[in-house]
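Participant: I'll drop the sequence and a predicted model, then ask my questions.
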Amino acid sequence: MFDFDQWIDRRPTRALKWLKYEGTDILPMWVADTEFKAPPAVIEALSERVEHGIFGYSRPSPALTELIIHRMRERYNWQIEADWLVYMPGVVPALNLACQTFSAPGDAILTPKPIYYPFLHAPGFHGRKAAHVGMVEKNGRWLLDLDELEQQAEHSDLLLFCNPHNPGGTIYSRDELLAINDIAKRHNLLVCSDEIHCDLLLDEGKPHIPYAALDEDAAHRSIILMAPSKTFNIAGLCCSFAIVPNAELRTRFVRAARGIMADVNLLGFVAAEAAYRDGDDWLQAQLAYLRQNRDLLVERLNRVPGVKVLAPEATYLAWIDIGALGLEDPIGFFEQAGVGLSPGGQFGGSNFVRLNFGCPHAMLDEALHRMIAAIESR
């Protein structure tokens, strides 16, 4: 019904992912958008809106708000209220707004490491210090080092969190989240949780639990950031939202955004509403396809001496340990082989590379072939 095998030429569209390697045959497997067409319902809704022909300022429809409320209740057993929602043009701007709103110049802001690189940069953009909390491997999963979090929490008021984790792909369990919240509660730590990958769950039976849905205390001390962008491959339309149950925090957050934060693109609202209303069949098909890609990647790369990758429980991103290969320039090495990856050092893990497997099977198969051949012929 949905053709995820279609290899669509994005080069004429000025797509960032492909533009980086313009004029080469390097396969871009770096930035986190996929090679899949958005759901038909989204394309149809956008076409209808474009046909209208007027693109002035816009506000979210009541239907979109109700769809989000319904989605939180049905998918995550979390009852939210309409006035908790704050629409934003992106999760990264919201992350930065949280740093500016809930800390003061010179304060330390906690971030996991490795982590999606805007987490590492955001504190410094606002005259704050980034204090890193390590991620540790436990039973084939990447988890926050709780002992280190306990120590660092004494000197900070804000933790930037990521669940599911990017780049590690971890879906945090309820017990794991409660352990983090126990530390946050004892140290009066506010948690800004990036949950943009919450719908991209590859391990069936492992649910996503929004941080604020843990209990009343977690809701009181958290800001949840979500978006349809990664789920439905509509990131360029710039529509996301924060869920802020605490009225005082929400008021401060909204006030800080005035005059600085841009409104959401009107086509972003249209796409989000269509995706959340009619995109779930497409999403389930995409997840089945991504599981096949994930399993192929893990199986093939873990057979290569000097390479190790833990199977991501969520996202379409693989965090690949290539430290044992001793490559002086890992990104350059794989580019020479015809594959463009994200450097691990960008995320805080210099012995790693990140690979985006949100692509047709044939593209992934070719990328893995090129990578493995290059490693074996060194």
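Facilitator: Good, I have the coordinates. Numbering: from 1, shown residues only.
Participant: where exactly do the strands run in this protein?
Facilitator: 27-28, 85-88, 108-113, 129-138, 141-144, 156-162, 190-194, 222-226, 240-243, 308-309, 317-321, 339-340, 342-343, 352-356 (DSSP state E).
Participant: Check the offset of the longest helix along the chain from the chain's centre.
Facilitator: Within the chain, and with DSSP state H defining each element, the longest helix by residue count is helix 280-301. Distance of helix 280-301 from its chain centroid, counting by Cα atoms, centre = their mean, to the nearest Å, is 17 Å.
Participant: among the strands of the chain, which is the most enclosed?
Facilitator: Of all the strands of the chain, strand 222-226 has the most neighbours on average by mean count of other Cβ atoms under 10 Å, namely a mean of 27. Quick note: C-beta positions are derived from backbone N, CA and C, even for glycine.
Participant: Pull the contacting residues for residue 25.
Facilitator: Residue 25 makes contacts with residue 338, as judged by Cβ atoms under 8 Å, 6 or more residues apart in numbering.
Participant: Go ahead and confirm residue 224 touches residue 212.
Facilitator: Yes - the pair formed by residue 224 and residue 212 meets the contact definition of Cβ atoms under 8 Å, at 5.1 Å.
Participant: Show me the common contact partners of those two, please.
Facilitator: In the contact map built from Cβ under 8 Å, 6+ apart, the residues linked to both residue 224 and residue 212 are 193, 243.
Participant: and the longest helix of the chain with strand 352-356, angle?
Facilitator: Angle, helix 280-301 to strand 352-356, by axes from the mean of the first three to the mean of the last three Cα atoms, to 10 degrees: 140 degrees.
Participant: which strands and helices sit next to helix 280-301?
Facilitator: Other helices and strands packing on helix 280-301, by 3 or more Cβ pairs under 8 Å, 6 or more residues apart in numbering; DSSP states H and E, are helix 229-232, strand 308-309, strand 317-321, helix 361-376.
Participant: Which of these sits closest to residue 289?
Facilitator: Relative to residue 289, the nearest member of the helices and strands packed on helix 280-301 by Cβ to Cβ is helix 361-376, separated by 7.9 Å.
Participant: And the average pLDDT for that closest one is what?
Facilitator: Mean pLDDT, computed over helix 361-376, is 98.
Participant: Stretch 345-356 too?
Facilitator: Stretch 345-356 comes out at a mean pLDDT of 97.
Participant: measure that stretch end to end?
Facilitator: 16 Å (Cα to Cα, to the nearest Å).
Participant: same deal with stretch 250-269?
Facilitator: One end of stretch 250-269 sits 21 Å from the other (Cα to Cα).
Participant: Tell me which residues touch the spatially closest residue to residue 378 that is not a sequence neighbour, please.
Facilitator: By the measure of Cβ to Cβ, 6 or more residues apart in numbering, the closest residue to residue 378 outside its immediate chain neighbours is residue 325, 7.8 Å from it. Applying Cβ under 8 Å, 6+ apart to residue 325 gives the contacts 306-307, 375, 378.
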